[in-house]
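>>> pasting the structure only:
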């Protein structure tokens, strides 16, 4: 599952599909308006402004809620949610959210020599070769081919959902057994 943190500013409703533009609350917001703020809680369902389902709140912490579509996750400030007739509302569709997460987390170019890390930042290895949709990762112990879709952008190169030892074990398990003469 792909995951992205959105840094949004502003009020409960966003303008258009872009997260970068958020409307600001009126300076004369009353106590009654803040009392009507949505209750963003774990398990709450979220719809878009047309009423179509977007996903479910997976966690809430530090002023952000992780919205899971089932395919993608995004941390969105709780101030970006509004109270709707049937629960929480956010001004982005499920497809738009998933597309933005995919765009932000999918590497645009994978090149030989690029560092590969696990999800916690541990070193896995380096890209050894790229051939079509397959990427060969060289660890300290082995080489393994993975599809390009297995990679995400990370702060220090590429990220995969395996540690070096897990990748080594998977490569060993996938290797054809040596035939014995006989």
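Cool, got the structure. Model, not experiment: these values are computed from the prediction.

>>> Show me the helices in this protein, by range?
31-35, 94-105, 164-174 (DSSP state H).

>>> among these, which is the most enclosed?
helix 94-105 (a mean of 17; mean count of other C-beta atoms under 10 Å). In this view, the C-beta of every residue, glycine as well, is placed from N, C-alpha and C.

>>> Roughly how far does residue 99 sit from residue 71?
If you measure residue 99 against residue 71 using C-beta to C-beta, to the nearest Å, the figure is 11 Å.

>>> nope, residue 126 is what I meant
29 Å.

>>> who's more crowded, those two?
Taking neighbours as other C-beta atoms under 10 Å, residue 126 and residue 71 compare with residue 126 leading, 16 against 13.

>>> what sits against the more buried one?
113, 114, 115, 116, 137, 138 (C-beta atoms under 8 Å, 6 or more residues apart in numbering).

>>> how about CSV for those, with pLDDT added?
Below are these laid out as CSV (pLDDT from 0 to 100):
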residue, pLDDT
113, 94
114, 92
115, 92
116, 93
137, 95
138, 96
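
>>> out of the residues you listed, who's nearest residue 88?
residue 116 (37.2 Å; C-beta to C-beta).

>>> For burial, what's the neighbour tally of the nearest residue to residue 127 once chain neighbours are set aside?
Excluding the flanking residues, the one nearest residue 127 by C-beta to C-beta, 6 or more residues apart in numbering is residue 114, at 4.5 Å. Counted with other C-beta under 10 Å, residues neighbouring residue 114 total 17.

>>> And for residue 161?
With other C-beta under 10 Å as criterion, residue 161 counts 12.

>>> which of the contacts of residue 126 has the most neighbours?
That'd be residue 116 among the contacts of residue 126, by other C-beta under 10 Å, with 27 neighbours.

>>> Quickly list what it is bridged to.
residue 125, residue 158 (DSSP bridges).

>>> Wait, it touches residue 161, no?
No - the criterion here is C-beta atoms under 8 Å, and residue 116 misses it with residue 161 at 11.3 Å.

>>> What distance do you get for residue 53 to residue 95?
Relative to residue 95, and taking C-beta to C-beta, residue 53 is found at 11 Å.

>>> Would you mark the buried spots in stretch 61-79?
64-69, 72-79 (16 or more other C-beta atoms under 10 Å).

>>> Sorry, wrong one. I was asking about stretch 119-138.
124, 125, 126, 127, 128, 135, 136, 137, 138.

>>> Contact partners for the fourth one?
Residue 127 makes contacts with 110, 111, 112, 113, 114, 116, 135, 136, 137, 138, 158, as judged by C-beta under 8 Å, 6+ apart.

>>> quick one: it and residue 115, what's the gap?
Residue 127 is 8 Å from residue 115, by C-beta to C-beta.

>>> Please identify every residue contacting each of the two.
With C-beta under 8 Å, 6+ apart, residue 127 and residue 115 have common neighbours residue 158.
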